[in-house]
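J.: I would like the atomic coordinates for the input below:
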Amino acid sequence: MSGIASNPFPAVFAWLAAASYLVAATLFLLGLQRMASPVTARSGIRWAGAGMVIATIATFLLPGLGNLALIALALVIGVSLAWISGKKVAITDMPQMVALYNGMGGGSAAAIGAVELLAFAAAAHAQFSVSFGPGLRIASTQSDGPLPATTPLLLATIGALIGAISFSGSLVAFAKLQGWMDKRLVFPGQRIFNMLVLALAVACLYLLATGALATWVIVAFFLAALAFGVLMTLPIGGADMPVVISLYNAFTGLAVAFEGYVLDNPALVIAGMMVGAAGMLLTRLMAKAMNRSIRSVLFSNFGGATGAAQEISGTQKPIEAGDVAAMMAYAQRVVIVPGYGMAVAQAQHKIWELTQKLIERGVKVKFAIHPVAGRMPGHMNVLLAEAGVPYDLIADMDDINPEFRNTDVALVIGANDVVNPVAKTDPSSPIYGMPILDVVDAKNVVVIKRGKGTGFAGIENALFYADNTRMLYGDGAEMASALVSELKALDGGH
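T.: Numbers count the residues shown, from 1 in each chain. Below you'll find the model as predicted:
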């Protein structure tokens, strides 16, 4: 291999790299464990980040590592772009960033797989050996016949397939979240066409895994895999995007783990398996929250209900901030339901200030979080944590739903689809069957909303027309500030 760096102490450096990978893996595990709780999540991210830095540095100690200048240049470019974008990206755009970065991980795994397959192909048609590590060492061959099937060859191909699907699918998810693409694109015979494309990818996978490493097979394989990732994501509706993000996150982790085995890199194997396992568990939880099976997540059109929607009767009834403040000031129980609109308005800090004022008056306040509120799993929890909301005030859907009947005022700010009663009443609705927050059961409901537009699923919300609902129209942060001012006026300006 060209560009191999000379190393006077290969055995020592190899031992240091292995020891560093062990330390990095331990930090990955501890970091992931701490991420399970909002209280320790910040430190968990730091621990896992430290593990990644150690693993990256340790890689430079591996004997026989070549192209050091290109690797260093790629690191500088990647870290610089990530640092700049991470500092500038708004919290409302974080789901798009997660989807994009997740796609980059899948694309990296697919690129590694492509290099590996080309190396296998070169070894099959030339009289020399190629080695990326013990898992990919190929003996010289004396003929142009196909290589015998091996575990590294099979795993390299599977990892490349999963990574390519995750890459293209994540890019489509990013485009939808960014508003560059319609939220749901369908065409006649879509499922059959998707299955044919997947079948082509699997057929090419079989040929490659059994040693038929012709260039046209490799090209067809990646084109089919990339196409299937796009086609798989096109029909997915906006309400299901959190499930998609967690699913592709799992795909990326699995792809990285497979390629790590082929490269004989324990850090990639461990990190990939943890990401894959966590992603699959999260996908299962998100699918359960959407009342969908994993099978429907993988093979059905998300939000695929059709037919005429039930007509919503009634009108939206506006209310002024002063009346809402008085209603909440003299309530015993208030539940605040945040959604993506709160993130857009950057209203979480004012909402927390409002909550503090209510608590000072003796009002019992809780925050109700739907599992798929926002644009990604945990989106609302991140926003509330940023504002300093104590974790004991935040309740999950299953815990808070029985309390809505005894709630005097439910304040909905920016949430839409996750509080829409048609999920329980209209079989023709795209969100029918999705568990929702039973906000409609509260004695009084106040919805802070800019206008009369629909939610991310693109459907009308029956809650807004209910007899016990009043609409406080305006920007979320401005209306929250107005409510704080009205509460202070009730308290004599304090």
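J.: geometric centre of the chain: which residue is closest?
T.: residue 245 (3.3 Å; CA atoms, centre = their mean).
J.: and residue 12, how many neighbours?
T.: Counted by other CB atoms under 10 Å, the residues lying close to residue 12 total 12. Just so you know, the C-beta spots here come from the backbone N, C-alpha and C atoms, and that holds for glycine as well.
J.: against residue 242, how distant is it?
T.: Separation of residue 12 from residue 242 (CB to CB, to the nearest Å): 47 Å.
J.: buried residues in the helix ranked longest in the chain, which are they?
T.: As assigned by DSSP state H, the longest helix anywhere in the chain is helix 94-124. By 16 or more other CB atoms under 10 Å, the buried positions in helix 94-124 come out as 94-117, 119-121, 123-124.
J.: could you export stretch 323-342 as PDB, CA atoms only?
T.: What follows is stretch 323-342 as a C-alpha-only set of coordinates in PDB (Å, rounded to 0.1, in the frame of the first residue of the first chain):
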ATOM      1  CA  ASP A 323     -58.300  37.100  30.300                       C
ATOM      2  CA  VAL A 324     -55.900  34.100  29.900                       C
ATOM      3  CA  ALA A 325     -53.700  35.500  32.700                       C
ATOM      4  CA  ALA A 326     -56.600  35.900  35.000                       C
ATOM      5  CA  MET A 327     -57.900  32.400  34.200                       C
ATOM      6  CA  MET A 328     -54.500  30.900  35.000                       C
ATOM      7  CA  ALA A 329     -53.800  33.100  38.000                       C
ATOM      8  CA  TYR A 330     -56.900  31.800  39.800                       C
ATOM      9  CA  ALA A 331     -56.600  28.200  38.700                       C
ATOM     10  CA  GLN A 332     -55.500  25.300  40.900                       C
ATOM     11  CA  ARG A 333     -53.900  23.200  38.200                       C
ATOM     12  CA  VAL A 334     -52.300  24.300  35.000                       C
ATOM     13  CA  VAL A 335     -50.700  22.000  32.400                       C
ATOM     14  CA  ILE A 336     -48.400  23.500  29.700                       C
ATOM     15  CA  VAL A 337     -48.100  21.600  26.400                       C
ATOM     16  CA  PRO A 338     -45.100  22.800  24.300                       C
ATOM     17  CA  GLY A 339     -44.600  22.000  20.700                       C
ATOM     18  CA  TYR A 340     -42.500  22.900  17.700                       C
ATOM     19  CA  GLY A 341     -44.100  26.400  17.500                       C
ATOM     20  CA  MET A 342     -42.600  27.200  20.900                       C
END
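J.: of all the residues in that stretch, which ones are buried?
T.: So for stretch 323-342, counting by 16+ other CB under 10 Å, buried means 324-325, 327-329, 331, 333-342.
J.: then stretch 349-363?
T.: 349, 350, 351, 352, 353, 354, 355, 357, 358, 363.
J.: hmm, who's touching it?
T.: 328-329, 331-334, 336, 338, 342, 365, 367, 384, 387-389, 393, 413, 477, 480-481, 483-484, 487-488, 491 (CB atoms under 8 Å, 6 or more residues apart in numbering).
J.: now swap in stretch 100-109 and tell me
T.: The contact list for stretch 100-109, computed with CB under 8 Å, 6+ apart, reads 82, 159-160, 162-171, 173-174, 245, 248-249, 251-252, 255-256, 258-259.
J.: drop anything exposed from those.
T.: Counted by 16+ other CB under 10 Å, the contacts of stretch 100-109 give 159-160, 162-171, 173-174, 245, 248-249, 251-252, 255-256, 258-259 as buried.
J.: relative to residue 269, how far out is residue 71?
T.: Counting by CB to CB, the gap from residue 71 to residue 269 is 20 Å.
J.: more neighbours, these two?
T.: residue 269 (21 against 14).
J.: so the closest residue to that one other than its chain neighbours, which state does it fall into?
T.: Using CB to CB, 6 or more residues apart in numbering and skipping the chain neighbours, the partner closest in space to residue 269 is residue 260 (4.0 Å). Per DSSP: H, G, I helix; E, B strand; the rest coil, the local secondary structure of residue 260 is helix.
J.: give me the neighbour count for residue 260.
T.: Considering only other CB under 10 Å, residue 260 is surrounded by 24 other residues.
J.: got it, and residue 18?
T.: Count around residue 18 with other CB under 10 Å applied: 14.
J.: tell me where the stretch 1-150 of the chain has strands.
T.: Here the stretch 1-150 of the chain has no strands by DSSP state E, counting those that start in this stretch.
J.: can you show me the helices along it?
T.: 10-34, 41-59, 68-88, 94-124 (DSSP state H, counting those that start in this stretch).
J.: pLDDT on the first one, on average?
T.: In other words, helix 10-34. Per-residue pLDDT over helix 10-34 has a mean of 87.
J.: helices or strands up against the strand or helix carrying residue 253?
T.: Assigned by DSSP states H and E, residue 253 belongs to helix 241-262. Helices and strands touching helix 241-262, by 3 or more CB pairs under 8 Å, 6 or more residues apart in numbering; DSSP states H and E, are helix 94-124, helix 151-178, helix 266-289, helix 294-299.
J.: helices and strands around the third one, which ones?
T.: So that's helix 266-289. By 3+ CB pairs under 8 Å, 6+ apart, helix 266-289 packs against helix 10-34, helix 41-59, helix 241-262, helix 294-299.
J.: repeat that for 10 Å
T.: The elements that helix 266-289 packs onto, with contact taken as 3 or more CB pairs under 10 Å, 6 or more residues apart in numbering; DSSP states H and E, are helix 10-34, helix 41-59, helix 94-124, helix 151-178, helix 241-262, helix 294-299.
J.: quick one: which of those helices is nearest residue 201?
T.: helix 151-178 (6.2 Å; CB to CB).
J.: for the stretch 151-300 of the chain, give me the ranges with low pLDDT.
T.: 183-184, 237-240, 294-300 (pLDDT under 70).
J.: mind doing that once more with 90?
T.: Across the stretch 151-300 of the chain, the ranges flagged by pLDDT under 90 are 151-156, 173-191, 209-215, 232-247, 260-268, 270-271, 278-300.
J.: thought residue 316 was touching residue 469?
T.: Yes: Residue 316 is within contact range of residue 469, at 7.9 Å (criterion: CB atoms under 10 Å).
J.: in terms of neighbours, single out the busier of these two.
T.: Using other CB under 10 Å as the criterion, residue 316 and residue 469 rank with residue 469 on top: 23 against 15.
J.: I'd guessed the more buried one sits against residue 317; true?
T.: Yes: if you go by CB under 10 Å, residue 469 and residue 317 touch, sitting 7.0 Å apart.
J.: might you report the residue contacts of the closest residue to residue 256 other than its chain neighbours?
T.: Using CB to CB, 6+ apart and skipping residues adjacent in sequence, the residue nearest residue 256 is residue 272, 3.4 Å away. Residue 272 makes contacts with 105, 109, 159, 252-261, 265, as judged by CB atoms under 10 Å, 6 or more residues apart in numbering.
J.: please tabulate the helices of the stretch 1-150 of the chain in a markdown table, including the columns distance to residue 186.
T.: Listed next are the helices of the stretch 1-150 of the chain as a markdown table, based on distance: least, CB to CB, whole Å:
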| stretch | distance to residue 186 |
| --- | --- |
| helix 10-34 | 37 |
| helix 41-59 | 37 |
| helix 68-88 | 32 |
| helix 94-124 | 21 |
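J.: for residue 406, which of these is the nearest?
T.: The nearest among those, by CB to CB, is helix 41-59 at 31.1 Å.
J.: what's in contact with that closest one?
T.: Contacts for helix 41-59 (CB under 10 Å, 6+ apart): 13, 16-37, 40, 65, 71, 75, 79, 265-268, 270-271, 274, 378, 381-382, 385.
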